[in-house]
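**Student:** Below: sequence and its predicted model.
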Amino acid sequence: MLETRSHIVILGAGFGGLTAANMLRKGLSAEHHIVVIDKKDYFLMGVVNLWILGGNRRLEDSKVSLSNLKNKGIEFLQDDVIQIDFHKKIVRTKLSKQIEYDYLILGLGVDFAIEQINGFTENRGFNLYDATQVPKLREKILSIKGGNIAICITDIPYKCPPAPYEASLIIDDILTQSGIRDSINVDLYTPTQIALPVAGPKISQDVVNLLNRHNINFHPLHKLKRVINEKELEFGNGDMMDYDVLIGIPPHKIPMMVANSPGLLKEGENWINVDKFTLRTNYENVFAIGDVTEIKVNQYVAIPKAGIFAEAEAKVVSQQIIDEITNNNKSQNPRFDGKGYCFMEIGGKKAGYITADFYNEAGPITKLEPPSQELYEKKIDFERSRLAEWLL
């Protein structure tokens, strides 16, 4: 029986979107149309920010053009999605295009909302998650001779949970190599009671112990309220702290397109709700993956906003779509298993390795492998291998 030509639209060219596009292209015949839509024309993996901070990479050398997708038989459209009409199965974009779909994958990621922190931008704070600001942040750190560097996790959840801690350790390494570490305090502030709630108390304490060994001051239960001026911070608990360099992990929010598409969010929800195994939304043939979703494991923990989980979810979604289009009667009914991992860089070209099983019946299990140079090399290969598979 001949397959009916299908139109598959993927919103977002991050971990999830690129994984899905490539897997679908490999699993479906050429007549099936796959299009990826993203407002950027390039892909830049988030881990690169830390390498730019550490001086091991340049921003201009790290962007990969999304136009490379066409070489793989995947259409790429640089555009901004405004709204989805789920009943007519149409995606509307800023350039006034209406794109029909048979299957839709939402891999939109998050938007940053640093403007929610009063005084942050006006007083020259640096957004760690904005790659364009990181080179200037590195220059600033190298230019100071003393004082206080404040790293503030402004809200939860946020992408790449270990990243602020990695940044603090890389900064410690920069200052040590420059011979000025003893003249500078490094303070890390978080609104949570423990360092990494998604990893649990054991790994959180391991992280704090690591910070202590590097003389990095850890301040739990400190939610940044406002930046008073270029020297002083005010926290929600009433504490006032001095700083000379301010680094923020910005509040995250759902992309505006989601709010403009009635029915995706229910009242009281901040992220898209999906089936925890299939990643299906309430709409026919519409899936959501990665950071734009919230998958609750229990009342305290949700699947972290991290690329490795978006990648795993994308594989599950893609296989479901392939099975449906090809009428695969031997399908194994692919399910997302809640497993993932991440590397935790500590400076000095070393990294640790965190593994997690969030769907474990007895409760989430996480493990931390001690830092080593070998694991740092694996982190570098992690980026290299994905770029080769997705875009090169």
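**Tutor:** Everything's here; your move.
**Student:** Could you measure from Glu232 over to Leu69?
**Tutor:** Computed as Cβ to Cβ, to the nearest Å, the Glu232 to Leu69 distance reads 47 Å. Quick note: C-beta positions are derived from backbone N, CA and C, even for glycine.
**Student:** and those two? which has more neighbours close in?
**Tutor:** Per other Cβ atoms under 10 Å, whichever of Glu232 and Leu69 has more neighbours is Leu69, with 24 against 14.
**Student:** Quick check: that one touching Leu77?
**Tutor:** No: contact criterion Cβ atoms under 8 Å: Leu69 and Leu77 do not qualify, at 9.9 Å.
**Student:** Give the residues shared as contacts by these two.
**Tutor:** Common neighbours of Leu69 and Leu77 (criterion: Cβ atoms under 8 Å, 6 or more residues apart in numbering): Val36.
**Student:** residues near Ser183, how many?
**Tutor:** Residues lying near Ser183 (other Cβ under 10 Å) number 12.
**Student:** got the buried residues for the helix or strand harbouring Pro135?
**Tutor:** According to DSSP states H and E, Pro135 maps onto helix 134-143. By 16 or more other Cβ atoms under 10 Å, the buried positions in helix 134-143 come out as 134, 137-138, 140-141.
**Student:** what's the distance between that helix and the middle of its chain?
**Tutor:** In terms of Cα atoms, centre = their mean, to the nearest Å, the centre of helix 134-143 is found 23 Å from the chain centre.
**Student:** Please write out the alpha-carbon positions of it in CSV.
**Tutor:** Only the C-alpha atoms of helix 134-143 are listed here, as CSV (Å, rounded to 0.1, in the frame of the first residue of the first chain):
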residue,chain,number,x,y,z
VAL,A,134,30.0,36.0,27.4
PRO,A,135,33.1,37.4,25.6
LYS,A,136,32.5,40.8,27.3
LEU,A,137,32.0,39.0,30.6
ARG,A,138,35.4,37.2,30.2
GLU,A,139,37.1,40.6,29.4
LYS,A,140,35.5,42.1,32.5
ILE,A,141,36.7,39.3,34.7
LEU,A,142,40.2,39.5,33.3
SER,A,143,40.3,43.3,33.9
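**Student:** Check which helices and strands that helix sits against.
**Tutor:** Counting contacts by 3 or more Cβ pairs under 8 Å, 6 or more residues apart in numbering; DSSP states H and E, helix 134-143 packs against helix 48-54, strand 126-127, helix 163-178, strand 245-249.
**Student:** And the ones you listed: which comes nearest Ala310?
**Tutor:** Among these, helix 163-178 comes nearest to Ala310, with 15.3 Å by Cβ to Cβ.
**Student:** Quick one: work out the angle between the closest one and strand 245-249.
**Tutor:** Calculated by axes from the mean of the first three to the mean of the last three Cα atoms, to 10 degrees, helix 163-178 forms an angle of 150 degrees with strand 245-249.
**Student:** distance between helix 163-178 and the chain's centre?
**Tutor:** Worked out by Cα atoms, centre = their mean, helix 163-178 lies 20 Å from the chain centre.
**Student:** Return the set of buried residues in the helix or strand of the chain with the lowest mean pLDDT.
**Tutor:** Every helix and strand in the chain was compared by mean pLDDT, DSSP states H and E; the lowest is helix 256-259, with a mean of 86. By neighbour count with 16+ other Cβ under 10 Å, helix 256-259 contains the buried residues 257-258.
**Student:** Using PDB, write out every CA atom in that helix.
**Tutor:** What follows is helix 256-259 as a C-alpha-only set of coordinates in PDB (Å, rounded to 0.1, in the frame of the first residue of the first chain):
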ATOM      1  CA  MET A 256       4.900  34.100  23.400                       C
ATOM      2  CA  MET A 257       3.700  31.800  20.600                       C
ATOM      3  CA  VAL A 258       2.400  29.300  23.100                       C
ATOM      4  CA  ALA A 259       0.400  31.900  25.000                       C
END
